[in-house]
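S.K.: need coordinates for the below:
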Amino acid sequence: MLMCLPFSLPILALSPVSRASVSRRDVALLPAGMAAALSSKPASAALPYQQQIGFKLNSGVAFPVASFGLQVYDDATAQRLTAVALEVGFRNFFASVLAGNQVGFARAIKESGIPRADIFICGSVLSNRVQGADAARKLSARGCRENMEAFAFGGIDYIDMIMLDYPGPDAESVKGQWEALEEMQAAKLTRSLAVSNFNARQLDVVLSMKGTVPTVNQLPYGVGFSGYYGGNAEAIIEANRKRGVLVQAWSPLRKALSGNAKATCVEIGKKYGKSAAQVGLRFIYETGASFTTQTRTRAHFEEDMNIFDFKLTPEEISTLAVL
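M.R.: Numbers count the residues shown, from 1 in each chain. Presented below is the predicted three-dimensional model:
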């Protein structure tokens, strides 16, 4: 089931399992039966990305809620973890140039045997350290080419999204960055364009160009991030939504798994038989955003996908929103 902007959130109505809530890093210490229940794979997990629970972007492209974001490690590790994610059922991937392992990722995609059309692939461009439209366009264009050269190791000849990792230092630089991405889209090498770490003013620079609207803005967001946005993280989601842009949370559990945020997630999770991580990810989904997570274990991959069989109450969402 796919959702269109504005974000109305259909929920799978399944009965929760009764068991104690634990943090994601404690799953490995549980008895085998309980650990398996926490990370049991949802029935929809192995579906093509177009059929997984998610959003419909302003470009008309389907976008699953859950994404695996590769971190900084070598190509061999990237290849191994991507293979595990695919086995678990992930079909949405963020392979950032900053991670330095797009080749390993691409090889895993090729060796999986899964049809390319079933997988959503997002690459990224880092071009925020130059100033001026022309310099920014040239560096961004080079970044686009480098993405495709790396992905070619896996026989990938187009990607579903290309993302600017950071905005340039001024409006003209941002415009130059965006022009390069639009050229990549015009060449049919990517289906969607996105940004990361853009504030509303920087988004409006792109919108002022009267061309392609960003589909996604990747931002720090989740339980525990309220203070990061002056106590009003909800306004960030709304500011993007009214511009037709979906927020994707990066590092979505960084604050949810420590201190008072973790204690609150644990307590809420007891009601549903869910871990603190699952409550944190569910909060992101129910507040109109998607997420890209990182992990190195199969159990945690499965845990991150198993968040669609319960629904938080409005009171629980309000409690989590102010942390």
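
S.K.: got the residue ranges for the helices in this structure?
M.R.: Assigned by DSSP state H, the helices in the chain fall at 32-38, 75-88, 102-112, 133-151, 171-186, 200-207, 233-241, 259-272, 276-286, 298-305, 314-321.

S.K.: of those, which approaches Ala95 most closely?
M.R.: helix 102-112 (4.5 Å; CB to CB). Glycine gets a C-beta too; all of them are placed from N, C-alpha and C.

S.K.: what's the angle from that closest one to helix 75-88?
M.R.: 40 degrees (axes from the mean of the first three to the mean of the last three CA atoms, to 10 degrees).

S.K.: gap between helix 102-112 and the chain center?
M.R.: 19 Å (CA atoms, centre = their mean, to the nearest Å).

S.K.: and it, what's buried?
M.R.: Using 16 or more other CB atoms under 10 Å as the test for burial, helix 102-112 gives 102-110, 112.

S.K.: nearest to Thr77, of those?
M.R.: Gly104 (7.1 Å).

S.K.: tell me how far the closest residue to that closest one other than its chain neighbours lies from Thr82.
M.R.: Excluding the flanking residues, the one nearest Gly104 by CB to CB, 6 or more residues apart in numbering is Asp75, at 3.0 Å. For Asp75, the distance to Thr82 (CB to CB, to the nearest Å) stands at 10 Å.

S.K.: these two - which one has more neighbours?
M.R.: Set Asp75 next to Thr82 and count neighbours by other CB atoms under 10 Å: Thr82 wins out with 25 against 19.

S.K.: in contact with the more buried one, which residues?
M.R.: By CB atoms under 8 Å, 6 or more residues apart in numbering, the contact list for Thr82 reads 68, 70, 93, 104-105, 108-109.

S.K.: 6 Å - rerun?
M.R.: 105, 108 (CB atoms under 6 Å, 6 or more residues apart in numbering).

S.K.: okay, it: pLDDT?
M.R.: Note for Thr82: predicted pLDDT of 98.

S.K.: equivalent analysis for Arg19, please.
M.R.: At Arg19, pLDDT is 25.

S.K.: over to Ala46?
M.R.: 82.

S.K.: run through the residues that contact it.
M.R.: Gly89.

S.K.: against Ile114, how distant is it?
M.R.: 9 Å.

S.K.: least reliable of the helices of the chain going by mean pLDDT?
M.R.: Minimum mean pLDDT among the helices of the chain: helix 32-38, a mean of 41.
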